[in-house]
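**Student:** requesting a structural model of the entry that follows:
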Amino acid sequence: MASPGVGMIGREVTATVGGLTLVGVITKATERTNERLDTTDDASSGNQEALAIPGLKGMTFTMSGLLKNLELVDAYHTSASQIFEIVITYADGVSTPSTETFDGFLDSISDTGESNGLVTFDASFSSSGAVAYVAAT
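**Tutor:** Okay, here's the model as predicted:
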């Protein structure tokens, strides 16, 4: 059944990194991955088969935006740990929103040039350990 007029507004999906809401973020993306475990053998008659449960599960969070401060650059250079708590909050609940929380390793941060004369950035985090998902109520 169609749900006309239903969707999420991107700016209402928020993320914190190490407890901080980063300024200047324009786009956010998440990727959830499952490693497929191949069980194909001679009895498969040439058809590919997989175990019903995944091997490695993981999540990647990327963001980009205008470089308004150097919080992530500072964390890259000065933090003893490159793993930060990532909390992604979706504006989908009546009482409480859905959230995904994980320890994210800072894979990369890059300054990416100009947008209308302003410096932009890209940053990427990958999960270390399990991702906790709490559904909206």
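
**Student:** Leu72 contacts Leu22, doesn't it?
**Tutor:** Yes. Contact criterion Cβ atoms under 8 Å: Leu72 and Leu22 qualify, at 7.1 Å. For every residue, glycine as well, the C-beta is placed using N, CA and C.

**Student:** count of residues packed around Leu22?
**Tutor:** 19 (other Cβ atoms under 10 Å).

**Student:** quick one: it from Glu49, how far?
**Tutor:** In this view, Leu22 and Glu49 are 43 Å apart by Cβ to Cβ, to the nearest Å.

**Student:** okay, and the residue nearest the centre of the chain sits in which element?
**Tutor:** Residue closest to the average C-alpha location in the chain (Cα atoms, centre = their mean): Phe61, at 2.2 Å. Element membership for Phe61, per DSSP states H and E: strand 57-66.

**Student:** who does that strand touch, helix- and strand-wise?
**Tutor:** If you count contacts as 3 or more Cβ pairs under 8 Å, 6 or more residues apart in numbering; DSSP states H and E, strand 57-66 packs onto strand 25-34, strand 98-115, strand 118-127.

**Student:** compare the mean pLDDT across those strands and name the weakest.
**Tutor:** Looking at those, the lowest mean pLDDT belongs to strand 98-115 (a mean of 91).

**Student:** how long is stretch 81-96 end to end?
**Tutor:** Taking Cα to Cα, to the nearest Å, stretch 81-96 runs 31 Å from one end to the other.
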